[in-house]
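**Student:** Quick one, fold the following:
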Amino acid sequence: MGFQESFKALSDPTRREIIHLLKKEKLPVGEILAHFDMTGATISHHLSILKEAGLVTTEKKGKYIYYELNLSVVEEIMAWFSDLKEV
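**Tutor:** You can find the predicted model right below:
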């Protein structure tokens, strides 16, 4: 995915909070949902946007879907920002 999708996904505070939760460990949807006062459908929508932007990946384990931060995309964004600082 391109930077446009990544920045659009990161523009929302709920999605940034989801990213913050996932920086420690991969989590199932239910555990992510427990951190918010929102419907499951709303959190699912936010997770879909993050996934489409390539910021998170999913892994199905039994009946649960676990979300995990995609560090390669995060590192690519950070490298781009770091490159802006170089003169």
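
**Student:** Same question for the helix or strand of the chain with the lowest mean pLDDT: list its buried residues.
**Tutor:** In the chain, no helix or strand scores lower on mean pLDDT, DSSP states H and E than helix 71-85, which sits at a mean of 78. Across helix 71-85, burial judged by 16 or more other CB atoms under 10 Å covers 73-74. In short, each C-beta sits where N, CA and C put it, glycine included.

**Student:** now for that helix, which elements pack on it?
**Tutor:** Here helix 71-85 touches helix 3-10, going by 3 or more CB pairs under 8 Å, 6 or more residues apart in numbering; DSSP states H and E.

**Student:** which parts of the helix or strand that the helix it packs on is followed by are buried?
**Tutor:** As assigned by DSSP states H and E, the chain's next helix or strand after helix 3-10 is helix 13-22. Of the residues in helix 13-22, 14-15, 18-19, 21-22 count as buried by neighbour count, 16+ other CB under 10 Å.
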